[in-house]
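Colleague: Using only what follows, build the 3D model:
(one chain, ligands or ions: 2)
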Amino acid sequence: MQKGNISIHAQNIMPVIKRWLYSDKDIFIREMVSNGCDAITKYHMVRPEDTEALSVHVTVDPQAGELRFEDNGIGMTWEEVEKYINQVAFSSAEEFLKNYSGEDKSGIIGHFGLGFYSAFMAADRVTIDTLSWQEGAKAVRWESSDGMTFEMTDGERATRGTVITLHIMEEEKEFLDEWKVREILEKYCGYMSVPVYLEKVEPPKKEEEKADADKAEKDQEAESGKEEEKKEPEAPKPINETHPLWLKNPKDCTDEEYRENYRKLFHTFDEPLFWIHLNVDYPFNLKGILYFPKIKKDFGGQEGEIKLFNRQVFVADNIKEVIPEFLMLLRGVIDCPDLPLNVSRSFLQNDGYVRKLSAHITKKVADKLNSLFKEDVKQYQTYWDDIHPFIKYGCLRDRKFFEMVSGILLYKTTDDRYLTLGEYRDRNTKAEKKVYYTTDKNRQAAAIALYTGRDIDVVVMDTLIDMNFMSFMEMEGGEDAPTFVRVDAGVDGLTDEEKKDSDLKQEDYEKLFRDALGQKELEVRLQALADESLPALLVEDEQMRRYKEMSAVYGQSFNLPDKYSLVLNTQCDTVKKLNGMEDAEMKEMLCRQIYDLARLSSRPLESEDLKQFIERSQKLMAYLAK
Ligand code: ADP
Ligand code: MG
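Modeller: Numbers count the residues shown, from 1 in each chain. Ligands and ions are numbered 1, 2, ... in the order given. The predicted structure is shown next:
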């Protein structure tokens, strides 16, 4: 027998590891299973001709209070246990500590190759029973109850491979629950490369129960009369899929396989819109599938999910440093063997390799969108409602991405056309560099009609991201940048150059309306609008309105002035005649009526205003009927 201390740093490191990883304890299971898989992979390399089935077996044994991990892999000799378990162990943990001491736990990727010693997060005694594959090797038994000192003796294992036995601490008993263990295995080991089986040791049956069970079985046999045909126990199924779809060649994958993979990965019945299969060997190794999900209305609430794997071992969800933030709206898997995971997030952020990886993913996404647009623009248009928040967000976040997709950004019109900016301009030469938009198709219907009535397209900008996106396009769109104007923000699109002349006087009308409405500050303008039947419009300055909306979004509530102007149409007979009217009461009523009608074109009238409007309308009708 040999006793000793496990590498010199163990005394310092073990307590820290235990404390820090308290909330991520589950990962010790992953570490045990992945060591088993590694041992099998190594064995396969030294003896590729061996056709024996190789697998990892996890056994939950509540009676013994044990969790066992057994593999028929390469095994270890006495010397190897000394070297890899006693001496070199903690090398990754040490490195980890060097890099992160001082940082708080949240600043670390909670998942890293902590390795074998993570077993002590849940166990108060760990034993290794192992027999090396090498000719003439002797079995070895190693045991430790604290991860700091060990005992080694000759072992009794008769078959090649290793079983690691964890005697689970009293306070970690949940790891003796089969379903809990299954859940953890499915999460972390669901796509490992070697079949992983889970078994549970049932408690021994009491004598009378046994007799009962035997009797029941006999009765049943007698009933069916088929004593011979005893049912074969079903072959146990591994908990994992050893050849995940993302590692296959995209050429060999069917659409249905991609969909099924999606449903399985995300436990959903939803169908993805489309997907991108990432398959790169050079200059870095990257495999994965990114799915575009159907987006539920506003993307604000939408959470994507990208699972990060390292050689088929699940590492973490949504590591923002690796995957561009705006891609977090997508769902999928990324398997990247070379990712330096044992490092802090701030390191990942500044790592050139990670940056390249992230840029590559971005480019692939942009390529896919461009090829969809090129190959089947109709189909692309049907995706637009679902993907536009994601694309717009990407443009705001990533200049490169914006440049790559700038030609395939669409604007949806109120009559459901999907136009590029170029197409909008071609169709709407009258609009010049302006793009007219609405934020609410229903409430702004009257104002929209003024434009659509003149064959000017109005685009719908009704998601949270649109406001930011429009400002972005105005600022970053270069020489050809559009100016976005809400349908109720101005009258530029509605004026008619030929009818500009008018002998109405600005001052007269300003006074007339200010007095009639009792609004001393009201801005009144005279303008020739093309629609002669329209007396007036109430417009709100685009910039002021945006500014107010923005400050509302950011929770500031300055008392910003409303900046409405009443635009009176000099081409409308009612307006023309208004100032010369004799009947003062009628004149005032008409002013108010015109003002209310103008208000109505962008928002409904409420309470007192509505009541007055109705009463006045009735009076006017009575007057006409006279
Ligand atoms: P890593 O897996 O990153 O090398 P670990 O701490 O998980 O670090 O394991 C340390 C070493 O112990 C492994 O490299 C391997 O040599 C040995 N080892 C652990 N588990 C097994 C096993 N089941 N079979 C054979 N060797 C093992
Ligand atoms: Mg390991």
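
Colleague: Tell me which residue is most central in this protein.
Modeller: residue 304 (1.6 Å; C-alpha atoms, centre = their mean).

Colleague: Just the pLDDT at whichever residue of the stretch 51-200 of the chain sits closest to ligand 1, thanks.
Modeller: Closest to ligand 1 within the stretch 51-200 of the chain is residue 115: 2.3 Å, counting by C-beta to the nearest ligand atom. Placement of C-beta: from N, CA and C, glycine included. With respect to pLDDT, residue 115 scores 79.

Colleague: My guess is it contacts residue 35. True?
Modeller: Yes - under the criterion of C-beta atoms under 8 Å, residue 115 makes contact with residue 35 at 7.4 Å.

Colleague: how much space between the residue of the stretch 101-250 of the chain found nearest ligand 2 and residue 31?
Modeller: Nearest to ligand 2, among the residues of the stretch 101-250 of the chain, is residue 115, at 4.4 Å (C-beta to the ion). Taking C-beta to C-beta, to the nearest Å as the measure, residue 115 falls 6 Å from residue 31.

Colleague: so what are the domain limits for the chain?
Modeller: 2-200, 245-397, 497-539+557-626 (automatic domain parsing).

Colleague: got the contact list for stretch 234-243?
Modeller: 55, 182, 185-186, 189-199 (C-beta atoms under 8 Å, 6 or more residues apart in numbering).

Colleague: for residue 488, phi and psi?
Modeller: phi -110, psi 20 (degrees, to the nearest 10).

Colleague: likewise residue 338?
Modeller: In terms of degrees, to the nearest 10, the main-chain angles of residue 338 are phi -100, psi 0.

Colleague: Show the pLDDT at residue 103.
Modeller: 46.

Colleague: now swap in residue 246 and tell me
Modeller: For residue 246, pLDDT reads 96.

Colleague: can you count the residues close to the residue of the stretch 301-450 of the chain found nearest ligand 2?
Modeller: Nearest to ligand 2, among the residues of the stretch 301-450 of the chain, is residue 313, at 9.4 Å (C-beta to the ion). Residues near residue 313, counting by other C-beta atoms under 10 Å, number 23.

Colleague: for residue 213, same thing?
Modeller: Residue 213 has 11 nearby residues by other C-beta under 10 Å.

Colleague: Contact partners for it?
Modeller: So residue 213 contacts residue 205 (C-beta under 8 Å, 6+ apart).

Colleague: host element of it?
Modeller: Using DSSP states H and E, residue 213 maps to helix 207-224.

Colleague: can you check residue 485 too?
Modeller: According to DSSP H and E, residue 485 maps onto strand 483-486.

Colleague: ok, now residue 362?
Modeller: helix 352-375.

Colleague: In CSV, could you pull the C-alpha coordinates for that helix?
Modeller: What follows is helix 352-375 as a C-alpha-only set of coordinates in CSV (Å, rounded to 0.1, in the frame of the first residue of the first chain):
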residue,chain,number,x,y,z
GLY,A,352,-8.2,37.1,-31.5
TYR,A,353,-9.3,33.5,-32.2
VAL,A,354,-12.7,34.1,-30.6
ARG,A,355,-13.1,37.3,-32.6
LYS,A,356,-12.3,35.5,-35.9
LEU,A,357,-14.7,32.7,-35.0
SER,A,358,-17.5,35.2,-34.2
ALA,A,359,-16.8,37.1,-37.4
HIS,A,360,-17.0,33.9,-39.4
ILE,A,361,-20.3,33.0,-37.9
THR,A,362,-21.6,36.5,-38.8
LYS,A,363,-20.5,36.2,-42.3
LYS,A,364,-22.1,32.8,-42.8
VAL,A,365,-25.4,34.1,-41.6
ALA,A,366,-25.2,37.1,-43.9
ASP,A,367,-24.2,34.8,-46.8
LYS,A,368,-27.2,32.6,-46.2
LEU,A,369,-29.6,35.5,-46.1
ASN,A,370,-28.1,36.9,-49.4
SER,A,371,-28.4,33.5,-51.1
LEU,A,372,-32.0,33.2,-50.0
PHE,A,373,-32.7,36.6,-51.4
LYS,A,374,-31.0,35.8,-54.7
GLU,A,375,-32.4,32.3,-55.2
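
Colleague: next structured bit after that helix?
Modeller: From helix 352-375 onward toward the C-terminus, using DSSP H and E, the following helix or strand is helix 377-397.

Colleague: Buried residues of that following helix, list them for me.
Modeller: Of the residues in helix 377-397, 380-381, 383, 385-396 count as buried by neighbour count, 16 or more other C-beta atoms under 10 Å.

Colleague: Ligand 1 contacts on the stretch 151-300 of the chain?
Modeller: Within the stretch 151-300 of the chain, the positions near ligand 1 by C-beta under 6 Å from any ligand atom are residue 162.

Colleague: all strands of the stretch 151-300 of the chain, in order?
Modeller: Assigned by DSSP state E, counting those that start in this stretch, the strands in the stretch 151-300 of the chain fall at 161-168, 196-200, 274-280, 286-292.

Colleague: okay, the ones you listed in TSV with mean pLDDT and mean neighbour count next?
Modeller: Converted to TSV, the strands of the stretch 151-300 of the chain look like this (pLDDT from 0 to 100; neighbours: other C-beta atoms under 10 Å):
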stretch	mean pLDDT	mean neighbour count
strand 161-168	98	22
strand 196-200	97	18
strand 274-280	94	19
strand 286-292	94	23
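
Colleague: okay, those in a markdown table with distance to residue 130 next?
Modeller: Below are the strands of the stretch 151-300 of the chain laid out as a markdown table (distance: least, C-beta to C-beta, whole Å):
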| stretch | distance to residue 130 |
| --- | --- |
| strand 161-168 | 4 |
| strand 196-200 | 19 |
| strand 274-280 | 37 |
| strand 286-292 | 32 |
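
Colleague: among those, which is nearest residue 251?
Modeller: Between residue 251 and the strands of the stretch 151-300 of the chain, the shortest gap by C-beta to C-beta is with strand 274-280, which sits at 9.6 Å.

Colleague: In its sheet, which strands sit next to that closest one, and in what direction?
Modeller: Sheet pairing here is set by DSSP bridges, and for strand 274-280 it gives strand 286-292 (antiparallel).

Colleague: export the partner strand as CSV, just CAs?
Modeller: This file holds the C-alpha atoms of strand 286-292, laid out as CSV (Å, rounded to 0.1, in the frame of the first residue of the first chain):
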residue,chain,number,x,y,z
LEU,A,286,-16.2,24.8,-36.3
LYS,A,287,-19.3,22.7,-36.7
GLY,A,288,-22.8,23.6,-35.9
ILE,A,289,-26.3,24.4,-37.0
LEU,A,290,-28.0,27.8,-36.6
TYR,A,291,-31.7,27.8,-36.9
PHE,A,292,-33.9,30.9,-37.6
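
Colleague: got the contact list for it?
Modeller: Identification of contacts with strand 286-292 by C-beta under 8 Å, 6+ apart yields 245-247, 258, 261-262, 272-280, 306, 327, 330-336, 357, 360-361, 364-365, 383, 386-387, 390.

Colleague: Please apply the same query to stretch 608-626.
Modeller: Residues contacting stretch 608-626 (C-beta under 8 Å, 6+ apart): 586, 589, 592-593, 596, 599, 604-605.

Colleague: Could you give me the buried positions within it?
Modeller: Going by neighbour count (16+ other C-beta under 10 Å), the buried part of stretch 608-626 is 613, 616.

Colleague: And it, how far out from the chain middle?
Modeller: Computed by C-alpha atoms, centre = their mean, to the nearest Å, the separation of stretch 608-626 from the middle of its chain amounts to 54 Å.

Colleague: Stretch 370-381 now?
Modeller: 23 Å.

Colleague: Sketch out the low-pLDDT regions of the stretch 151-300 of the chain for me.
Modeller: The stretch 151-300 of the chain contains residues with pLDDT under 70 at 217, 220-231, 296-300.

Colleague: Apply 80 and report the result again.
Modeller: For the stretch 151-300 of the chain, the stretches with pLDDT under 80 are 205-234, 295-300.

Colleague: Cheers, nothing more for now.
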